[in-house]
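**Student:** Coordinates only, no sequence provided:
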């Protein structure tokens, strides 16, 4: 990566200059040059991270405004940043994959999600679901393990993992995942209720997670609309009273 290459060059030049103008021992020359390397790499990395953060904010605004095609094009154009810093390309790929998944363009999303950043838990969860739909349970588990490892204290990725296992008919493994989530400190009322449901032979209920749940498209659109309509009717009855 370019940032690393520049920093190594700074180290080498600083070492040679110090060797030329001072009588310091090689060990001290190396230590001072290493400080130069560290400072250079930090500043260059920070510059790249700042540019990436600004780009992601722009993309988020476009997605919220429904300009998803523009958001994807912005991210694709930002691939040049990947030449400068480690993991930038995988972060961009993860974001593109998430946007395409939200648009239900699952095949295109899959190609990007596979290259996505492993610590982007939403992308890894979406990738896992893609594998499940492709009848590849082992790959699904690998992707979900990345998702829950990168965000141990959040309930939803663990619940998604268990939900998909239960959907594949592996209820006992789903229970084990939720029990593991509790040990990792990810328990909340929804997760505990779902664990109890699985232990009693009932299905998990995920609607308590709201839009965070619906973005994964594991519940049919018709069911979502019926739930929203029922909620609206309930509110109207309350107002009439």
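**Tutor:** Received the coordinates, thanks. Bear in mind the structure is a predicted one, so any value in this text is a computation, not a measurement.
**Student:** Now for the residue nearest the centre of the chain: which residues touch it?
**Tutor:** The residue lying closest to the centre of the chain (CA atoms, centre = their mean) is residue 120, at 1.8 Å. Applying CB atoms under 8 Å, 6 or more residues apart in numbering, we find residue 120 in contact with 91, 94-95, 98, 150. Any C-beta I mention is one placed from the backbone N, CA and C, and that applies to glycine too.
**Student:** For the protein, which segments are assigned as strands?
**Tutor:** When secondary structure is read from DSSP state E, the chain shows no strands.
**Student:** can you give me the helices in it?
**Tutor:** Here the chain has its helices, by DSSP state H, at 2-21, 26-64, 68-77, 88-102, 106-113, 121-133, 137-150, 155-167, 171-183, 189-199, 211-214, 221-240.
**Student:** could you redo those helices as CSV and give each row mean neighbour count?
**Tutor:** As requested, those are exported to CSV (neighbours: other CB atoms under 10 Å):
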stretch, mean neighbour count
helix 2-21, 15
helix 26-64, 15
helix 68-77, 16
helix 88-102, 23
helix 106-113, 19
helix 121-133, 25
helix 137-150, 19
helix 155-167, 24
helix 171-183, 17
helix 189-199, 17
helix 211-214, 14
helix 221-240, 10
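**Student:** lowest-confidence stretch among these?
**Tutor:** Note on the helices of the chain: lowest mean pLDDT is at helix 221-240, with a mean of 47.
**Student:** Distance check, residue 217 against residue 133.
**Tutor:** Residue 217 sits 10 Å away from residue 133, going by CB to CB, to the nearest Å.
**Student:** Next one, pLDDT for the residue nearest to the centre of the chain please.
**Tutor:** 94.
**Student:** May I have the phi/psi pair for it?
**Tutor:** phi -90, psi 90 (degrees, to the nearest 10).
**Student:** now stretch 34-48, how far from the centre of its chain.
**Tutor:** Relative to its parent chain, stretch 34-48 has a centroid offset of 26 Å by CA atoms, centre = their mean, to the nearest Å.
**Student:** ok, now how distant is residue 170 from residue 219?
**Tutor:** From residue 170 over to residue 219 the distance is 19 Å, taken as CB to CB.
**Student:** Repeat that for residue 86.
**Tutor:** 37 Å.
**Student:** quick one: contacts for residue 44?
**Tutor:** Residue 44 makes contacts with 3, 6-7, 84-85, as judged by CB under 8 Å, 6+ apart.
**Student:** same check, this time on residue 79
**Tutor:** Residue 79 sits next to 89, 92 when contact means CB under 8 Å, 6+ apart.
**Student:** ditto for residue 77
**Tutor:** Residues in contact with residue 77 (CB under 8 Å, 6+ apart): none are found.
**Student:** Surely residue 144 and residue 156 touch.
**Tutor:** No - in this structure, residue 144 is not within contact of residue 156 by CB atoms under 8 Å, at 11.8 Å.
**Student:** Can you pull the residues that touch both of the two?
**Tutor:** By CB under 8 Å, 6+ apart, no residue touches both residue 144 and residue 156.
**Student:** Any figure for the gap between residue 62 and residue 70?
**Tutor:** From residue 62 to residue 70 the distance is 5 Å (CB to CB).
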